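fold the following for me, if possible:
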Amino acid sequence: MSMLMVFRVAFKALARNKMRTALTMLGMIIGVAAVITMVALGTGAQSSIESQIQAAGTNMIMVSAGNFMQGGVRMGQGNASTLTPEDARAIQDVPGVQYLAPGVSTRGQVVAGNLNWGTQIQGTDVDLPLIRSWPATRGAFFGPADVTSASKVAVLGAIVHEQLFGPEVDPVGQVIRINNQPFTVVGVMASKGQSGMGQDQDDVVYVPYTTVMKKLRGITYVQNITVSAASAGDTTATADRIATLLRGRHQVAEGDPDDFMVRTMEEMASVRVQATETMTALLAGIAGVSLLVGGIGIMNIMLVSVTERTREIGLRMAIGARGRDVLLQFLVEAIVLSLVGGAIGIALGLGLSRGVTAWMTWPTEVSPEAVAVAFVFAAATGVFFGFYPAKKAAALDPIDALRFE
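Sure thing, here's the model as predicted:
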């Protein structure tokens, strides 16, 4: 029997009971669609993280405060007060350091006229736009003199600008109040989106770090120092030199934990990517259970089909069909069920991925490899779960099959 005839008979047999065939394929459809959607979400998240890291700059190094202990209680990373502006000035002389910006932040209510907005107040230095390759759309970033004198000047993020003044209004020269203190707006930054650490860089007001230290918080330390290495290839070596410098300045003894953290963007990105990959694998594994259930459903229906068509099998074998012809016939029917269900599942998965992106603005990315793997897996499921019913049909004795009622 030719393969064309085998497929014609397979489609004819499956079309006899359309509802049963559709319900049998449903498990395969749901499984493949779920796998495609989950993998698309995971791949999209990874691509988003990578693009954020590239936008921030692969040569960026984050130096932040470490653990702080009080009365035997460890307060956790970021709470130490040992990172100082003097440390920042010392880091500036480390070989490989190009730009540097100490940082200290707080939250506050920003008021402009009769409008107000609660946001983060980020104290930083003049090098921040150079580190982030970040231009101002209106006005300019504050200068070294503002940092030295702890001036009350502010640069607005795009969201703060829109909330307080509206997108079409130029706020440069306007006076806003931050925690009831007047600040003069000197610039508005271009929209930047989320940072590599997930923070919204547009919903921030940037002021000199000395102003936050002296006039908003009353502290003498900084929380972090953002560093840009001269070249991306020297980032790790520069980070190691910074860590060695700070251990010496903070008199950290050999074997004692550091009271600071030095992280490169690649390290932070790898942690997030690994977490995303783990979650994607978990979700894909759960979706794979649907494929297993769908395969079992195919095997179950094929066994029922063998029982229903026993006399047909006996008749075909009586007029010359061989056992391998019967085996091939039922195996093809199982594969057709899997492939048709898999194709519909792939189409549904693509549609769901686009729907998630449009509805929830989550990034998704369907790779051709994922589609190919899903299709091959569907075919393999049909072969695996269809082989036993097909073998059982091929092993029937023609005489007993003809006598079957």
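
thinking G31 is in contact with G345, fair?
Yes - between G31 and G345 there is a contact under C-beta atoms under 8 Å: 6.7 Å. No exception for glycine: its C-beta is placed from N, CA and C like everyone else's.

the two: which has the busier surroundings?
Taking other C-beta atoms under 10 Å, G31 and G345 do not tie; G345 has more neighbours (30 against 27).

just the pLDDT at the more buried one, thanks.
pLDDT recorded at G345 is 87.

Q54 too?
According to the model, Q54 carries a pLDDT of 54.

could you do the one 3 residues further on as well?
With respect to pLDDT, G57 has a value of 56.

now the strands for the stretch 51-200 of the chain?
60-65, 69-70, 73-74, 97-112, 115-124, 136-139, 153-156, 175-178, 181-189 (DSSP state E, counting those that start in this stretch).

of all the ones you listed, which one is nearest V262?
When the strands of the stretch 51-200 of the chain are compared by C-beta to C-beta, strand 60-65 sits nearest V262, at 5.3 Å.

flag the shaky bits of the stretch 251-400 of the chain, pLDDT-wise.
Applying pLDDT under 70 to the stretch 251-400 of the chain picks out residues 266-277, 279-280, 283-284, 286-287, 399-400.

how about the stretch 51-200 of the chain?
Residues of the stretch 51-200 of the chain that meet the criterion pLDDT under 70 lie in 51-58, 67-80, 194-198.

could you redo the last one with a cut-off of 80?
Confidence mapping of the stretch 51-200 of the chain against pLDDT under 80 gives the ranges 51-59, 66-81, 193-200.

coming back round to it: let's have the strands of the stretch 51-200 of the chain in JSON lines, adding mean neighbour count and distance to G166.
Listed next are the strands of the stretch 51-200 of the chain as JSON lines, based on neighbours: other C-beta atoms under 10 Å; distance: least, C-beta to C-beta, whole Å:
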{"stretch": "strand 60-65", "mean neighbour count": "22", "distance to G166": "32"}
{"stretch": "strand 69-70", "mean neighbour count": "10", "distance to G166": "46"}
{"stretch": "strand 73-74", "mean neighbour count": "9", "distance to G166": "46"}
{"stretch": "strand 97-112", "mean neighbour count": "20", "distance to G166": "10"}
{"stretch": "strand 115-124", "mean neighbour count": "19", "distance to G166": "9"}
{"stretch": "strand 136-139", "mean neighbour count": "16", "distance to G166": "13"}
{"stretch": "strand 153-156", "mean neighbour count": "27", "distance to G166": "12"}
{"stretch": "strand 175-178", "mean neighbour count": "19", "distance to G166": "14"}
{"stretch": "strand 181-189", "mean neighbour count": "20", "distance to G166": "12"}
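
out of those, which is closest to P368?
Of the strands of the stretch 51-200 of the chain, the one closest to P368 (C-beta to C-beta) turns out to be strand 60-65, at 32.8 Å.

which strands and helices sit next to that closest one?
Counting contacts by 3 or more C-beta pairs under 8 Å, 6 or more residues apart in numbering; DSSP states H and E, strand 60-65 is packed against strand 224-229, helix 235-249, strand 260-264, helix 265-308.

most tightly packed of these?
strand 224-229 (a mean of 24; mean count of other C-beta atoms under 10 Å).

can you redo the helices and strands packed on strand 60-65 as JSON lines with distance to L315?
What follows is the helices and strands packed on strand 60-65, written out as JSON lines (distance: least, C-beta to C-beta, whole Å):
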{"stretch": "strand 224-229", "distance to L315": "79"}
{"stretch": "helix 235-249", "distance to L315": "75"}
{"stretch": "strand 260-264", "distance to L315": "73"}
{"stretch": "helix 265-308", "distance to L315": "14"}
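
out of those, which is closest to L14?
helix 265-308 (9.0 Å).

in the following helix or strand past that closest one, what's buried?
Counting by DSSP states H and E, the element after helix 265-308 in chain order, helix or strand, is helix 310-318. Judged by neighbour count (16 or more other C-beta atoms under 10 Å), helix 310-318 contains these buried residues: T310, E312, I313, G314, R316, M317.

once you drop chain neighbours, what's closest to the fifth one?
Going back to what we said before, that points to R316. V326 (6.8 Å; C-beta to C-beta, 6 or more residues apart in numbering).

identify the residues contacting that neighbour.
Neighbour list for V326: I313, R316, M317, A390, A393, A394, L396 [criterion: C-beta atoms under 8 Å, 6 or more residues apart in numbering].

the first one contacts T307, doesn't it?
Pointing back at I313 there. No - counting by C-beta under 8 Å, I313 does not reach T307; the two are 10.1 Å apart.

what distance do you get for the residue nearest to R316 to R16?
Counting by C-beta to C-beta, to the nearest Å, the gap from V326 to R16 is 17 Å.

cool, Q163 as well?
64 Å.

who's more crowded, the two?
Q163 (19 against 11).

was I right about the more buried one contacting L115?
Yes - applying C-beta under 8 Å as the test, Q163 and L115 come out as touching, 7.1 Å apart.

just give me the residue right at the centre of this structure.
Centrality entry for the chain: nearest residue to the mean C-alpha point is A45, 2.2 Å, by C-alpha atoms, centre = their mean.

okay, and it sits in which element?
Using DSSP H and E, A45 falls in helix 18-56.

buried stuff in that helix?
Buried residues in helix 18-56, counting neighbours by 16+ other C-beta under 10 Å, are found at 21, 24-46, 48-49, 52-53, 55-56.

among the buried residues of helix 310-318, which one sits closest to T264?
T264 lies nearest to I313 out of the buried residues of helix 310-318, by C-beta to C-beta, at 67.1 Å.

next up, the contacts around that closest one.
V306, V326, A393, L396, A401.

am I right that the first one is in contact with P389?
Read that as V306. Yes - if you go by C-beta under 8 Å, V306 and P389 touch, sitting 5.3 Å apart.

overlap of the contact sets of those two?
Listed contacts common to V306 and P389 are F330; contacts here mean C-beta under 8 Å, 6+ apart.

great, nothing more from me.
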